[in-house]
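Enquirer: Turn this into a structure:
(3 chains)
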Amino acid sequence: VTDAIITLTTDFGEESPYVPAMKGVLLSINPAARMVDLSHLVPPQDIAYVAFFLAEAIPFFPRHALHVVVVDPGVGTNRALLYAEAAEHRLLLPDNGAITLLAARHPVKRVRRLAEPRYWRPSVSATFHGRDILAPVAAHLSLGVHPDSLGPAVDEWVRLEMPIAVKEARGWRGEVLFIDHFGNLLTNLPADQLPDRPFRLRIGEKEHQVRRVRAYGDGKIGELVALVSSGGWWELAIVNGSAAREIGARRGDGVQVMLAG
Amino acid sequence: VTDAIITLTTDFGEESPYVPAMKGVLLSINPAARMVDLSHLVPPQDIAYVAFFLAEAIPFFPRHALHVVVVDPGVGTNRALLYAEAAEHRLLLPDNGAITLLAARHPVKRVRRLAEPRYWRPSVSATFHGRDILAPVAAHLSLGVHPDSLGPAVDEWVRLEMPIAVKEARGWRGEVLFIDHFGNLLTNLPADQLPDRPFRLRIGEKEHQVRRVRAYGDGKIGELVALVSSGGWWELAIVNGSAAREIGARRGDGVQVMLAG
Amino acid sequence: VTDAIITLTTDFGEESPYVPAMKGVLLSINPAARMVDLSHLVPPQDIAYVAFFLAEAIPFFPRHALHVVVVDPGVGTNRALLYAEAAEHRLLLPDNGAITLLAARHPVKRVRRLAEPRYWRPSVSATFHGRDILAPVAAHLSLGVHPDSLGPAVDEWVRLEMPIAVKEARGWRGEVLFIDHFGNLLTNLPADQLPDRPFRLRIGEKEHQVRRVRAYGDGKIGELVALVSSGGWWELAIVNGSAAREIGARRGDGVQVMLAG
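Expert: Predicted coordinates for the structure are as follows:
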């Protein structure tokens, strides 16, 4: 299908000419490509952020979509660029661990290292492989080039060490994995493992009153509530406010759940 | 038409995976849908903001477009989700008043409460109906599902109380309805009602020198001017500057026009 | 081709209803148009910024794309609106110099002043020609209207005075032309003119240690490096940091390269 869907996720921001240059390259090779912006506001060079982002966003896309991800502090060095399939989802991205969390639920297969310059721009800069390699490769794939022709198969790729929540005698110990636009804290505490009885909650160094609710609107305005996030984790939110700002919480802060009794 | 236009307006921000998840769901049901981002920077939970935004943007779209609006502090509670037509413009949105200003000029008809889970995602979260209900319903509508099959007709929906400017003996009393990206103050003073003779202007507690001009460029750089906004209201602007910042004005501030003589 | 590509570059921001209104107008005239957002975060009224932006982005697009640019402090005054071709790239924009840098590498030809109201909205505001003139003209062009029918040919248009780097006895003197999302400083120093031997660097009033590298990842984290930008200029960057913030550099700051020996 020449009018394939190609999504773009970068840390390039929206005021710089970098995303436009990628879009231009894509359309120059496949004018019928349909580009979908996922985000260009990944914090600069933040691999852990984009790893969470991809795990929460990619699974909702149809299988024929192609996802180009450019968060690439190692551009121009000897880090590899990869084509990978996570379940049926197709990605093009630097080999820096960004696929880790997605891969945990959607087994990665058919990984190729991009090594065929005939699918690249004729001149490749040392600072912008998103434009010079990933965008043209995506466009060629969307025109029917077979992934196996992009370069050699590889068995190994970088995996981030992702923090895993730990069950304790009287609760769980995890951490804040992601803070969303609303300031809600998304944790790595598994939603199906937390009981309905009262509990105490520690975020970072401080203990908080928190009430388990089903929906934001079930809490009072300004109240700290715990609920199941749309991605299936425990989420801590201040109703109509920003938990991150009001609590002073940051990504990576420890979260401890202590069951009563 | 399977390649229908579906616009998206949310308060989700652009750095979170929520808008991407909605786009993925839409494309999974109708891969040919053409999605148009209107804004994802509506201030969180700000119904009055999005009400103004929709009234200024939607009327310019062709009638076959479908507008999905997700500013939804009541997600997961018993607030309804609606399909509504404002003149010929088709919207999907929570029943929270966001349609109020659009409806004032484009009469609302054929309102349906979404009640048919066969058009939803199989599993519906309590925190993200944009992804689990509104996006799939939009995709099904774009494939030709008839609005009447979405759920029962309803006669009542939430209306915001919108501030209306008041004519006084020697002028008008209104307020700042919206502050745009430039810091221009859009008021609820009707453009066709303000005379050409000199007037004094009070914004909030403070009186200001202001000159009526036709275009920004007719004022001097740094000058506070009043002109007719592109939406047909009185607008207060500082030429090449930010009226909001330099005056310290905020949405909801009173605006009083006092005619000379 | 009715499904032509139309790109949008503005200083309207993403939270205001202005870009949506333009998109609605475009789609109302040509429902098959494919719109591509380049940026809506050009700093307000910043012609020099958008001039650099266009020069770095437009050349990557296919020739049939049409580029609408609305950074327009003179809207409603007697400044002209232009159709112009830079090499084969087609643009619609106010006559304010924004095309200057693009034109330096891609000769401008066939410039027309927009003067045929039959391609405009029936009612034209004094504050929003992007919506009322440029968007409908773009849509009509995408439907096959010939550029020559838009208005009279013009020979003269506004050119910005762009700062040009100067060769000195022992180096170069230039300036910071653009600061990107990462805080990297893009200068007007020509990449192919800087030697490999050591040099000293002055930015604004202050001298800095700097090392020439090929890629960001070749420097140490926190190190100030000089490298060839993806657009072919000398770029100053702090590895995994923001040169703009950490050095306190601003656009327009002088940059002096002093060769050793």
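Enquirer: Contact partners for A:Asp37?
Expert: Each residue near A:Asp37 by CB atoms under 8 Å, 6 or more residues apart in numbering or on different chains is listed here: A:7-8, A:19, B:37, C:37. C-beta here means a position set from N, CA and C on the backbone, and glycine is covered the same way.
Enquirer: May I see those residues arranged in a markdown table, with distance to B:Leu114 and secondary structure as well?
Expert: What follows is the contacts of A:Asp37, written out as a markdown table (distance: CB to CB, whole Å; DSSP: H, G, I helix; E, B strand; the rest coil):
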| residue | distance to B:Leu114 | secondary structure |
| --- | --- | --- |
| A:Thr7 | 27 | strand |
| A:Leu8 | 31 | strand |
| A:Val19 | 35 | helix |
| B:Asp37 | 23 | strand |
| C:Asp37 | 30 | strand |
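Enquirer: Pick out whichever of those residues sits closest to A:Gly217.
Expert: Of all these, A:Gly217 sits closest to B:Asp37, with 26.1 Å by CB to CB.
Enquirer: partner residues bridging the closest one?
Expert: Beta-bridge partners recorded for B:Asp37 (DSSP bridges): B:Leu8.
Enquirer: Please work out how many residues are found near the residue in the stretch 101-250 of chain A positioned nearest to chain C.
Expert: Among the residues of the stretch 101-250 of chain A, A:Phe128 lies closest to chain C, at 3.5 Å counting by CB to the nearest CB. Per other CB atoms under 10 Å in any protein chain shown, the neighbour tally for A:Phe128 reads 23.
Enquirer: what helices or strands is the helix or strand hosting A:Ala21 leaning on?
Expert: Taking DSSP states H and E as the definition, A:Ala21 sits inside helix A:18-29. When contacts are defined as 3 or more CB pairs under 8 Å, 6 or more residues apart in numbering or on different chains; DSSP states H and E, helix A:18-29 packs onto strand A:5-10, strand A:34-39, helix A:135-142, strand C:5-10, strand C:34-39, helix C:47-57.
Enquirer: Reformat these as TSV; add mean pLDDT.
Expert: As requested, these are exported to TSV (pLDDT from 0 to 100):
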stretch	mean pLDDT
strand A:5-10	98
strand A:34-39	98
helix A:135-142	98
strand C:5-10	98
strand C:34-39	98
helix C:47-57	97
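Enquirer: Can you lay out those as a markdown table showing distance to A:Thr187?
Expert: Shown next, in a markdown table, are the helices and strands packed on helix A:18-29 (distance: least, CB to CB, whole Å):
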| stretch | distance to A:Thr187 |
| --- | --- |
| strand A:5-10 | 23 |
| strand A:34-39 | 21 |
| helix A:135-142 | 33 |
| strand C:5-10 | 39 |
| strand C:34-39 | 33 |
| helix C:47-57 | 39 |
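Enquirer: Nearest residue to the residue of the stretch 101-250 of chain A closest to chain C in space, please, no chain neighbours.
Expert: Here the nearest residue to A:Phe128 in space, its sequence neighbours aside, is C:Ser230; by CB to CB, 6 or more residues apart in numbering or on different chains that works out to 3.5 Å.
Enquirer: Got the phi and psi for that neighbour?
Expert: With angles defined as degrees, to the nearest 10, C:Ser230 sits at phi -70, psi -10.
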